[in-house]
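Novice: got a structure for you, letters missing:
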């Protein structure tokens, strides 16, 4: 799998058109989709989530299926295939593991459990207001994400962009904390 996207500018322009006719809206959809893919890969235990998200985007750009109302669902379909390939590649090159399926699942489960404990610990170290904001931001009814986040911004007397920025910064803090926690094993990642 490539380290970074190698899409041509024309290919990228066609991909943005796939996300929608309006350049600004389609660029925002692309950025949100890429971020969600990277997060999805990260929480699946992948070491290179951004690279894997790039791979998904590259594959979709090569095929450019007909526009659909739910771009994320289609991208996640491609992401599942990329994840399977990534795991096969890891099993093939993992010296600590037999090439069989079972040891890989055990290792993946153990890694996921460590990540979950680290995530819980890192969330617990956030202030109550920040923790509540971060969790509430991601709890919405299917199809109601935009309305939910607009309501959150109104309640907090802020703009939607300011809310997104605040949540993005909190996610960066949590992701860094989880990363340090998983690497060190001692759960002291939060400052």
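Specialist: Great, that's in hand. The model shown is predicted, which means the values in this text are computed figures rather than measured ones.
Novice: alpha carbons only for contacts and neighbour counts from here, please
Specialist: Noted.
Novice: What about the closest residue in space to residue 167 that isn't next to it in sequence, how many residues nearby?
Specialist: In space, and not counting its chain neighbours, residue 167 is closest to residue 134: 6.0 Å by Cα to Cα, 6 or more residues apart in numbering. Neighbours of residue 134 under the rule other Cα atoms under 10 Å: 19.
Novice: and if you look at the one 4 residues further on?
Specialist: The criterion is other Cα under 10 Å. On that basis, residue 138 has 12 neighbouring residues.
Novice: what's the distance between it and residue 179?
Specialist: Residue 138 sits 20 Å away from residue 179, going by Cα to Cα, to the nearest Å.
Novice: ditto for residue 163
Specialist: With Cα to Cα as the criterion, residue 163 and residue 179 are 24 Å apart.
Novice: what's residue 44 sitting at in phi/psi?
Specialist: phi -90, psi 0 (degrees, to the nearest 10).
Novice: typo on my end, it should be residue 138
Specialist: Main-chain torsions, residue 138, degrees, to the nearest 10: phi -100, psi 10.
Novice: so how far is stretch 156-170 from its chain's centroid?
Specialist: 18 Å (Cα atoms, centre = their mean, to the nearest Å).
Novice: try stretch 116-126
Specialist: That offset, for stretch 116-126, works out to 18 Å (Cα atoms, centre = their mean).
Novice: Done for today, thanks.
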